[in-house]
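Engineer: Dropping the sequence and predicted coords here.
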Amino acid sequence: MFWETFNDYTALPNVGTDVGPNLTLGDTANVGVQAYVCVAANLFPSAVWAPVGVAGIQTRSYGDTTLIFASQNPNSAFPTSSGAMIQNSAASGGSVDLTNFFDTIYFRCLIAIRVVDVGGAVLFDFEQRFGSLADIATWINANVPNDGSFFTASVKMSVLDQIDGAIPMPPKVYGKNRFWAGLTSRAPKGFYWTPRTASAYYGANNTGPAPVFAAALEDVWNLIHGVGTIVPSAGWGNKEFGCFWINSNRLRRYDMPAFNPGSFFVTAANPNTRFTQVPGPATSPPLTPNWVFSGIMGYVAINPTATGWTTFSQTGAFNQLAKHILEDWSVLACYGLAGSDGDLAVQVRPAGIDQMFFDWYDTATHQLEVVGRTRIDFHPRIRVLTPLFFDALRRTAGPVSISQIRDSFGATSRQETLGIVGRHSYTTGEARFQLRRLQDNHVSPLTTARVAPVIRRRARPWVLRVTDGVSV
C-alpha cells in the first residue's frame with residue numbers, strides 16, 4: 001500500500017511511526033519528493049526503507065566488504081558488534097577503509113546491504129543510510145538469521161555516494177610551494193604566479209622566517225659551491241638573498257632544466273635584483289651575461305613551521321623527497337651556476353607543491369572532501385578536508401596540507417620512511433576533490449583537477465603537482 005508523505009526518514013512507518021503488523025514488504029511512501037519502498041517490514045522501530053532511484057542522480061562506489069560470515073568463526077558469533085565486523089572485513093579481502101573509518105567518514109554515504117543464506121537465497125538487498133557502524137550491528141542482530149550462537153547467513157556491505165550534478169564541484173585547485181612563496185611574495189606588487197623579481201632578493205623582507213631561510217640557503221649553497229664561498233647567513237641582507245635566482249616564466253615554474261652548460265643564461269631584460277658571490281667572498285652584481293651550470297645541484301627543505309631545515313644531494317633526493325613532502329616539508333631544487341669571471345650563483349626551483357587552496361564554499365551547508373585512489377587498491381578513499389582559514393577578499397579556502405590527503409591516495413608509511421620511488425606497487429595514485437551537501441549528503445562530480453605524483457622525471461624522483469585531465 002502507499003503511505004502518506006513524511007518529513008524525513010525517521011518518520012516513516014515502523015521507523016518513527018508505530019504501525020505494527022500492518023506494514024508489509026513493498027509498501028511505498030514519500031519523504032518530501034523522494035520515494036521509498038519497504039525492504040524489511042520489521043516491527044517498530046526496526047523497519048527498513050530504501051530510496052527509489054532518482055532521475056539525474058548517479059552513484060559512485062567506494063567498494064565493498066563482508067561484515068558477517070555464515071560460519072562458526074568467533075567473529076561471526078551472535079550478537080555481533082562493531083569490533084567483530086571490523087575483524088571480518090579485514091579477513092574478507094574487502095576494503096577495510098570502509099569499516100575503519102565508517103563512523104567518521106562513510107556514515108554520510110549510502111549503504112547497500114545484501115544478506116545471503118547458506119543455500120544462496122537472497123534474504124535482504126536494499127540501500128539506506130546508517131549513522132554508525134553500531135547501527136548496522138543493531139540491524140544485523142535484529143534481522144539476520146542465527147542459531148542462537150552464530151549467524152547462519154552472510155552480510156555484505158557496499159558503500160556508495162549519490163552524485164548530484166546540481167552541486168557544483170570545487171572549480172579550482174591551487175597548488176603552492178611555501179618556501180618558494182616565502183622567497184618571492186614580498187616583492188613589490190608580488191604574486192606567487194607572476195613574481196616581480198628575478199631572484200630571492202625580497203626574501204629578506206619576510207621578517208619572521210628570514211633567518212631560517214638564510215641559514216637553509218647558506219647550507220645548500222655550501223653543498224653546491226663549497227664552504228667559504230658565501231658570506232655567513234647571520235649577516236645576510238637583500239643582496240645575499242639575491243644570489244639565489246628564480247625563473248619568472250610561470251609556464252615553466254616547476255620544470256627542471258637539463259644538466260648541461262647551455263641550460264642557463266642572463267639577459268639584459270632581467271631586473272637588477274640578481275647578485276653573485278665573487279672570490280673573497282663578497283656580494284656583487286653579475287659580472288658577465290654568460291652563465292653555465294656548475295655540474296652540482298642540491299635540495300633544501302623547510303619544515304612545516306619554518307623553524308628548521310635540511311639539505312640533501314641529488315642522489316639523496318631518491319629517498320628524501322617523498323619522505324619530506326609527505327611530512328608537509330617544503331622543498332626547493334637548487335642548481336649551481338658559475339660565471340665566466342669566477343662569480344657564483346644558484347638557481348632555485350620549487351620541487352612540486354606542498355599546500356593546496358580552493359575556491360570559497362559555504363561550510364555551513366557543504367563539506368570539502370578528497371577522493372583518492374591507489375595503484376594497489378583501485379577503490380576510491382574519502383577523507384574530509386579542513387582548510388585553516390577562508391580569505392574573504394580572495395574568496396579562497398586554505399591552506400590544506402599534503403598530510404590531510406596523503407593516505408587517500410596511498411602514501412603508505414613504508415613509502416614515507418623509505419622514500420621508495422618508481423612504477424611499482426608502492427607508488428601512490430592520485431587525489432581529486434568533491435563537495436558534499438550536508439542537507440542530503442549528495443556529492444558533486446569530482447574535479448578534473450587532481451593532485452598527482454611526478455615520478456622519475458629530471459631532478460624530480462618524486463614530487464606532487466596539480467594537473468588537469470589525465471595523470472602526469
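Structural biologist: Good, I have the coordinates.

Engineer: Okay, now the unreliable bits of the stretch 301-450 of the chain?
Structural biologist: Scanning the stretch 301-450 of the chain for pLDDT under 70 picks out the ranges 375-378, 412-428.

Engineer: try 80
Structural biologist: Counting by pLDDT under 80, the stretch 301-450 of the chain shows low-confidence ranges at 374-379, 391-394, 410-429.

Engineer: The stretch 101-250 of the chain now?
Structural biologist: Within the stretch 101-250 of the chain, the segments meeting pLDDT under 80 span 187-196, 207, 248-250.

Engineer: Could I get the full set of helices for it?
Structural biologist: Using DSSP state H, counting those that start in this stretch, the helices of the stretch 101-250 of the chain run over residues 133-143, 178-184, 210-225, 238-241.

Engineer: end-to-end on stretch 163-183?
Structural biologist: 42 Å (Cα to Cα, to the nearest Å).

Engineer: How about stretch 28-41?
Structural biologist: Between the opening and closing residues of stretch 28-41 there is a gap of 11 Å (Cα to Cα).

Engineer: mean confidence score for it?
Structural biologist: For stretch 28-41, mean pLDDT rounds to 76.

Engineer: can you check stretch 256-269 too?
Structural biologist: Across stretch 256-269, pLDDT averages out at 72.

Engineer: circling back: most packed of the helices of the stretch 101-250 of the chain?
Structural biologist: helix 178-184 (a mean of 24; mean count of other Cβ atoms under 10 Å). The C-beta positions use only the backbone N, C-alpha and C, and glycine is treated the same way.

Engineer: between the helices of the stretch 101-250 of the chain, which one is nearest to Ser444?
Structural biologist: helix 133-143 (25.9 Å; Cβ to Cβ).

Engineer: starting at the chain centroid, how far to the closest one?
Structural biologist: 32 Å (Cα atoms, centre = their mean, to the nearest Å).

Engineer: and what of stretch 6-19?
Structural biologist: Between the centre of stretch 6-19 and the centre of its chain there are 39 Å (Cα atoms, centre = their mean).

Engineer: what comes up buried for it?
Structural biologist: 6, 9, 12-15, 17, 19 (16 or more other Cβ atoms under 10 Å).

Engineer: now stretch 444-459
Structural biologist: 444-447, 449-455, 459.

Engineer: Please name whichever of the helices of the stretch 101-250 of the chain is nearest to Asn303.
Structural biologist: Closest approach to Asn303 among these is made by helix 210-225 (8.9 Å; Cβ to Cβ).

Engineer: List the contacts of that closest one.
Structural biologist: Contacting residues not belonging to helix 210-225 are listed as 179, 182-183, 200, 203-204, 206, 229-230, 232-234, 236, 240-241, 243-244, 277, 294, 296-302, 306-309, 311, 313, 332, 334-336, 344, 346 [Cβ atoms under 8 Å, 6 or more residues apart in numbering].

Engineer: Let's see that with 6 Å instead.
Structural biologist: With Cβ atoms under 6 Å, 6 or more residues apart in numbering as the test, helix 210-225 has contacts from 203-204, 230, 233, 236, 244, 296, 298, 300, 306, 309, 311, 334, 336, 344, 346.

Engineer: Torsion angles phi and psi at Val39?
Structural biologist: phi -110, psi -10 (degrees, to the nearest 10).

Engineer: which ones are touching the spatially most central residue of the chain?
Structural biologist: With distances taken as Cα atoms, centre = their mean, Ile405 lies nearest the centre of the chain, 2.5 Å away. Contacts of Ile405 were listed using Cβ under 6 Å, 6+ apart, and they are 370, 431.

Engineer: mind giving me the domain ranges of this structure?
Structural biologist: 1-52, 58-164, 174-350, 354-468 (automatic domain parsing).

Engineer: Dump stretch 58-73 to PDB, restricted to CA.
Structural biologist: The C-alpha coordinates for stretch 58-73 follow below in PDB (Å, rounded to 0.1, in the frame of the first residue of the first chain):
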ATOM      1  CA  GLN A  58      24.300   8.700 -10.400                       C
ATOM      2  CA  THR A  59      26.300   6.700  -7.900                       C
ATOM      3  CA  ARG A  60      30.000   6.200  -7.200                       C
ATOM      4  CA  SER A  61      31.200   3.100  -5.400                       C
ATOM      5  CA  TYR A  62      33.900   3.100  -2.800                       C
ATOM      6  CA  GLY A  63      34.000  -0.700  -2.800                       C
ATOM      7  CA  ASP A  64      32.500  -3.400  -0.600                       C
ATOM      8  CA  THR A  65      33.400  -5.700   2.300                       C
ATOM      9  CA  THR A  66      31.900  -8.600   4.200                       C
ATOM     10  CA  LEU A  67      30.600  -7.900   7.700                       C
ATOM     11  CA  ILE A  68      29.300 -11.300   8.700                       C
ATOM     12  CA  PHE A  69      30.300 -14.800   7.500                       C
ATOM     13  CA  ALA A  70      27.800 -17.700   7.800                       C
ATOM     14  CA  SER A  71      30.200 -19.700   9.900                       C
ATOM     15  CA  GLN A  72      31.100 -20.700  13.500                       C
ATOM     16  CA  ASN A  73      34.000 -18.300  13.400                       C
END
